[in-house]
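Novice: my questions concern the predicted model and sequence given below.
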Amino acid sequence: MQPSTTSFRIDPTPRRADGEYMAHARISTNGADGSETDVFISGDLAGFDRRDEAVAFARNWAQEWLHVRFG
């Protein structure tokens, strides 16, 4: 049985570097013991002038990543 993509959490918080917001995503879920477990942590995906654009890009990227792997 494959996990539902709704059982994953996406943290799209960008980092600030060289005057831009670097989009990246951390995808996590709960482990068998209830603790938070990282599933995937992307590298830098793209740079943006605006924080909200970096967040939206990272969230969309992570949703697509989950869709490809878990349907």
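Specialist: Cool, the structure landed. Numbers count the residues shown, from 1 in each chain.
Novice: for the rest of this, base every contact and every neighbour count on C-alpha atoms.
Specialist: Fine.
Novice: all helices of this structure, in order?
Specialist: Using DSSP state H, the helices of the chain run over 51-70.
Novice: as a check, name the ranges of all strands in it.
Specialist: 9-11, 15-17, 20-23, 26-30, 36-41, 46-48 (DSSP state E).
Novice: could you list the buried residues of the fourth one?
Specialist: Which is strand 26-30. Going by neighbour count (16 or more other Cα atoms under 10 Å), the buried part of strand 26-30 is 26-29.
Novice: again with the fifth one
Specialist: By neighbour count, and taking 16+ other Cα under 10 Å as the criterion, strand 36-41 has no buried residues at all.
Novice: how much does that strand deviate in direction from helix 51-70?
Specialist: 90 degrees (axes from the mean of the first three to the mean of the last three Cα atoms, to 10 degrees).
Novice: show me what strand 36-41 pairs with in its sheet, parallel or antiparallel.
Specialist: strand 26-30 (antiparallel) (DSSP bridges).
Novice: got the contact list for residue 43?
Specialist: 24-25 (Cα atoms under 8 Å, 6 or more residues apart in numbering).
Novice: for residue 14, which non-adjacent residue is closest in space?
Specialist: Of all residues not flanking residue 14 in the chain, residue 23 sits nearest, at 4.8 Å (Cα to Cα, 6 or more residues apart in numbering).
Novice: who's in contact with the residue nearest to the spatial centre of the chain?
Specialist: Centroid-nearest residue in the chain, with Cα atoms, centre = their mean: residue 25, separated by 2.7 Å. Counting by Cα under 8 Å, 6+ apart, residue 25 touches 10-14, 41-43, 58-59, 61-62.
Novice: change it to 10 Å
Specialist: Residues in contact with residue 25 (Cα atoms under 10 Å, 6 or more residues apart in numbering) are 10-14, 40-45, 54-55, 57-63.
Novice: check residue 58 too.
Specialist: Residue 58 touches 10-14, 22-26, 42, 44-46, 52, 64, counting by Cα under 10 Å, 6+ apart.
Novice: let's see it at 7 Å
Specialist: Going by Cα atoms under 7 Å, 6 or more residues apart in numbering, residue 58 touches 12, 23-25.
Novice: and for the closest residue to residue 55 other than its chain neighbours, the neighbour number?
Specialist: Leaving out its chain neighbours, the residue that sits closest to residue 55 by Cα to Cα, 6+ apart is residue 12, at 5.2 Å. When neighbours are counted by other Cα atoms under 10 Å, residue 12 registers 22.
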